[in-house]
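Enquirer: 3D model of this:
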Amino acid sequence: MTPQSPSGTSVVDIETVWTDLGTVVGAEHMRAATPEDALDDVRPQMVIEPGNADEIAKILKTASDAGLHVIPRGGGTKLDWGNRPRAAQLIVSSRRLSRVVEHAWGDMTATVEAGCTVQRLQQTLAEHGQRLALDPLWPEKATIGGILSTNDSGPLRLRFGSLRDLIIGITLVLPDGTVAKSGGKVVKNVAGYDLPKLATGALGSLGMITQAIFRLHPMPRTSRTLSFSAPDSSAMNAFILAVLDSKLVPTGLQVRAENSPRCEVDIRFEGTRAGCDAQVDEVTRLASNLSPSQAPPETWNFRSTLWDGGEPSLISKFTLLPTNLGPFLDRLRTVAEESHLSWRLVGQALGVGLIRLEGRDPSVLLSAVLDLRKGLESGGGSVIILGCPVEIKLKTDVWGSPGDALDLMKSIKAQFDPAGTLNTGRFMGGI
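Expert: Numbering: from 1, shown residues only. Next up, the predicted model:
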């Protein structure tokens, strides 16, 4: 009997597949996977680095025809997000797709390859006084394809919207080798199927992003950040709602809290000096019952520190109505105290945030986050686990309840990837 690979492809056949893929990219751009390439203890066999969309199309078609399971990879900063993959034989890296293809600064659009880091793109745009109004995690390593696949936005979304609001065009390679393009360089282009928004946040489960086109914004002349200390979650929530109900136009409004009822509220204004001064005066008036505090240098990068720390930890993303941020913070503190866990939170004014829970027992971490998830889901919110020990992923769907959308998502997955080639099992509902 012919030996079989984990995918069911015979060893003889899989060696032929590796040879075929090597002819597509060249032997120098293909290597055996190492333990460092493993994802949630699932170790692929090969890593391949194509140089363009056509090579990716040939790779995906070859892999799909052979029944192999593929994981697209950018900078690897968020590779552990999502469920544990059911299988993986091949990693397709976008490392060589790193160009800023075009900066049409007169039209305020940019076309960029998926493997380009966010930092490199921003540096290129800054030469003409423009930016992608987005502040994702780890911009020096995170790639354009990676932030799109995970829909990783930051505090700037309060003013400029999320990735789905900023992307206007995309090139996506499907598992059957089709190179699909949607959108264009014109900001008002709304014709056709909205592939950019569909691919954003799909965790690479529909196709591999090779190129994206974004609308841009001018860099601000001045930026001012203020921090206020609130004695409890009630005072914090009242201040945030007052800001949202005012004529102020902040480009960042976040809450920081850690193992205590006290919260720090950070607010950022951008624009002209006179405009910022006027808004600072107004927000200071609104915050008359709060204590001003010194904004630390890492204020707007504080989210990234949630991945720093000891003991087993669980990092999750929550969504809720802004009016429920204070009550949720109270509930988090209660659950953590009852479970003897330490915690940190960074929440955005629009009701999106991150939590870190730390404790010695992974089962206690899971119990705590399921308690929080149950409360939020009952009110239309959500809790998605981003980082945790593998044993937790084996016991729960990190995405939580998909609600009534699961059948629709399965139908879309079946249309784009009927063989289940890409990121098998990693998306919501095990898609």
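Enquirer: Tell me the buried residues in the helix or strand harbouring S227?
Expert: Using DSSP states H and E, S227 falls within strand 222-230. Neighbour-count burial for strand 222-230, counted by 16 or more other Cβ atoms under 10 Å, picks out R224, T225, L226, S227, F228, S229, A230. Where you see a C-beta, it was placed from the backbone N, CA and C, and this is true even at glycine.
Enquirer: now do stretch 70-79
Expert: For stretch 70-79, the neighbour count (16+ other Cβ under 10 Å) marks V70, I71, P72, R73, G74, G75, G76, T77, K78, L79 as buried.
Enquirer: Let me see the contact set for the nearest residue to D152 once chain neighbours are set aside.
Expert: By the measure of Cβ to Cβ, 6 or more residues apart in numbering, the closest residue to D152 outside its immediate chain neighbours is P136, 4.2 Å from it. The contact partners of P136, by Cβ atoms under 8 Å, 6 or more residues apart in numbering, come to V118, A142, I147, D152, S153, G154.
Enquirer: Kindly report the same for R157.
Expert: L134, Q348, L350, V352.
Enquirer: so of these, which ones are in strands?
Expert: If you go by DSSP state E, the contacts of R157 have Q348, V352 in strands.
Enquirer: Please pick the buried ones from the contacts of R157.
Expert: Neighbour-count burial (16+ other Cβ under 10 Å) applied to the contacts of R157 gives L134, Q348, L350, V352.
Enquirer: Please look at the second one and L156 and confirm they touch.
Expert: This means Q348. No: counting by Cβ atoms under 8 Å, Q348 does not reach L156; the two are 9.9 Å apart.
Enquirer: Spit out the residues that contact these two alike.
Expert: By Cβ under 8 Å, 6+ apart, no residue touches both Q348 and L156.
Enquirer: follow-up on the earlier one: possible to save the buried residues of strand 222-230 as JSON lines with distance to P322 and pLDDT?
Expert: Compiled in JSON lines, the buried residues of strand 222-230 are given as follows (distance: Cβ to Cβ, whole Å; pLDDT from 0 to 100):
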{"residue": "R224", "distance to P322": "22", "pLDDT": "95"}
{"residue": "T225", "distance to P322": "20", "pLDDT": "96"}
{"residue": "L226", "distance to P322": "19", "pLDDT": "97"}
{"residue": "S227", "distance to P322": "19", "pLDDT": "97"}
{"residue": "F228", "distance to P322": "17", "pLDDT": "97"}
{"residue": "S229", "distance to P322": "20", "pLDDT": "97"}
{"residue": "A230", "distance to P322": "15", "pLDDT": "97"}
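Enquirer: follow-up on the earlier one: can you tell me which of the contacts of P136 is nearest R373?
Expert: D152 (20.4 Å; Cβ to Cβ).
Enquirer: contacting residues for D135?
Expert: Residues in contact with D135 (Cβ under 8 Å, 6+ apart) are S153, G154, P155, L156, W300.
Enquirer: Can you tell me how far it is from A33?
Expert: 32 Å (Cβ to Cβ, to the nearest Å).
Enquirer: can you check D330 too?
Expert: Distance of D330 to A33, computed by Cβ to Cβ: 46 Å.
Enquirer: What of V92?
Expert: When distance is defined by Cβ to Cβ, V92 is 12 Å away from A33.
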